[in-house]
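Participant: the sequence and its predicted three-dimensional model are supplied below.
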Amino acid sequence: MKRRITELGQKTIDAVEAVGQATMLLIETLVWTVRPPYRFRLLFQAMEFVGVGSLFIVMLTGLFTGAVFALQGAGAFKLFNAESLVGSTVAISLARELSPVLTGLMVTGRAGSGIATELGTMKVTEQIDALYTMAVNPVQYLIVPRFLAGLIMVPVLSALFTLIGMAGAYFVGVVLLNIDKGIFLGKTRWFVDPEDLMSGIIKAFVFGGILTMVGCYKGYYASGGARGVGLATTQAVVYGSVLILVADYFLTALMFK
């Protein structure tokens, strides 16, 4: 019994230390974000990795998400002779919820894991320590560009997710299920407000910061050789995905009271 209590206490202490360590890293990242020198080349490289590299998987996911949601929605609305609401329902769901969340999860699985692996490998091979010896701050050099890339590119990917998702919904609804084209588009324009689109962009902005910081934190503090890098990569994906879902609940509660 005493052993279990000791283990529980140690895990609690480790968790508190990890939260504090992550908070300090976030604060340091924010401070170095506004301090020169500004490394735009590294920023563009990170944007290419986070954004362009994730484009295919995000668009593919968006296409079939919109198509499946339209198919399911049409089946449900047919019971009430309300098939005309398929377009607007899919659009609101994508803009408010599905696009930012699924984009965040897809980018976490691809870019978040990649960031953790890259930084973790640099950590265990002492490349990060070498930056200190060259008077280069590793937070500014390694973390700030990736953090900014997440803030910039994830909202862009989320907007593309919504667009491609609506294309998939249009194909299923209008082409396959013979819903009137004018009604489909008209109801969508009528019910979807700019606030719906903006709420999704705000969520994606927050999720981009979360997934990049989690990946950077896990990689930056990785230890234990190859096994430690693999563990850091796995934890980056799991923790990043869970934090996105938790943050989504609170953001939704704040935006749609």
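Facilitator: Perfect, thanks for sending it. Numbering: from 1, shown residues only.
Participant: now do the contacts for L185.
Facilitator: Contacts here follow Cβ atoms under 8 Å, 6 or more residues apart in numbering; on that basis L185 touches G87. Where C-beta positions appear, they are placed from N, C-alpha and C, glycine not excepted.
Participant: ah, wrong one, I meant D196
Facilitator: Here D196 is in contact with 91-92, 95-96 (criterion: Cβ under 8 Å, 6+ apart).
Participant: closest to F171 out of these?
Facilitator: A91 (14.3 Å; Cβ to Cβ).
Participant: which outside residues touch the helix or strand that contains that closest one?
Facilitator: Taking DSSP states H and E as the definition, A91 sits inside helix 86-93. For helix 86-93, the surrounding residues in contact (Cβ under 8 Å, 6+ apart) are 66, 69-70, 73-74, 77, 162, 165-166, 169-170, 173, 177, 179, 183-185, 187-188, 190-192, 196.
Participant: pLDDT of it, averaged?
Facilitator: Mean per-residue pLDDT for helix 86-93: 91.
Participant: for the helix or strand hosting I5, list every residue counted as buried.
Facilitator: Here I5 sits within helix 2-33, counting by DSSP H and E. By neighbour count on 16 or more other Cβ atoms under 10 Å, the buried set for helix 2-33 is 22, 25-26, 29, 32-33.
Participant: show me which of those is closest to Y220.
Facilitator: When those are ranked by distance to Y220 (Cβ to Cβ), L25 comes first, at 6.9 Å.
Participant: phi and psi next, for the nearest residue to the closest one once chain neighbours are set aside.
Facilitator: Of all residues not flanking L25 in the chain, Y217 sits nearest, at 5.6 Å (Cβ to Cβ, 6 or more residues apart in numbering). Main-chain dihedrals, Y217, degrees, to the nearest 10: phi -60, psi -50.
Participant: run a quick neighbour tally on Y217.
Facilitator: The number of residues packed near Y217 is 26, by other Cβ atoms under 10 Å.
Participant: surely it touches A22?
Facilitator: Yes: when contacts are counted by Cβ atoms under 8 Å, Y217 is listed as touching A22 (5.1 Å).
Participant: sorry, back to before: same for the helix holding I5, what does it pack against?
Facilitator: Here helix 2-33 touches helix 144-170, helix 194-220, going by 3 or more Cβ pairs under 8 Å, 6 or more residues apart in numbering; DSSP states H and E.
Participant: so what's L85 closest to, chain neighbours aside?
Facilitator: For L85, ignoring the flanking residues on the chain, the nearest one in space by Cβ to Cβ, 6+ apart is F77 at 5.6 Å.
Participant: let's verify that neighbour: helix, strand, or coil?
Facilitator: The three-state assignment at F77 reads helix, by DSSP: H, G, I helix; E, B strand; the rest coil.
Participant: look up how far I179 lies from it.
Facilitator: For F77, the distance to I179 equals 10 Å [Cβ to Cβ, to the nearest Å].
Participant: intersection of neighbour lists for the two?
Facilitator: Contacts common to F77 and I179, judged by Cβ under 8 Å, 6+ apart, are 83-84, 86.
Participant: so for the helix or strand hosting W190, what gets flagged as buried?
Facilitator: For W190, the host element (DSSP H and E) is helix 181-191. Using 16+ other Cβ under 10 Å as the test for burial, helix 181-191 gives 183-185, 187-188.
Participant: what's the pLDDT at K257?
Facilitator: On the pLDDT scale, K257 gets 64.
Participant: how does this structure divide into domains?
Facilitator: Split into domains by automatic domain parsing, the chain comes to 1-31, 40-255.
Participant: need the winner for burial among those.
Facilitator: Highest mean neighbour count among the domains of the chain (mean count of other Cβ atoms under 10 Å): domain 40-255, with a mean of 19.
Participant: any idea which residue sits dead centre in the chain?
Facilitator: The centroid of the chain falls nearest to G104 when counting by Cα atoms, centre = their mean (2.2 Å).
Participant: settle this for me: that residue is touching T212, isn't it.
Facilitator: No: under the criterion of Cβ under 8 Å, G104 is not in contact with T212, lying 10.6 Å apart.
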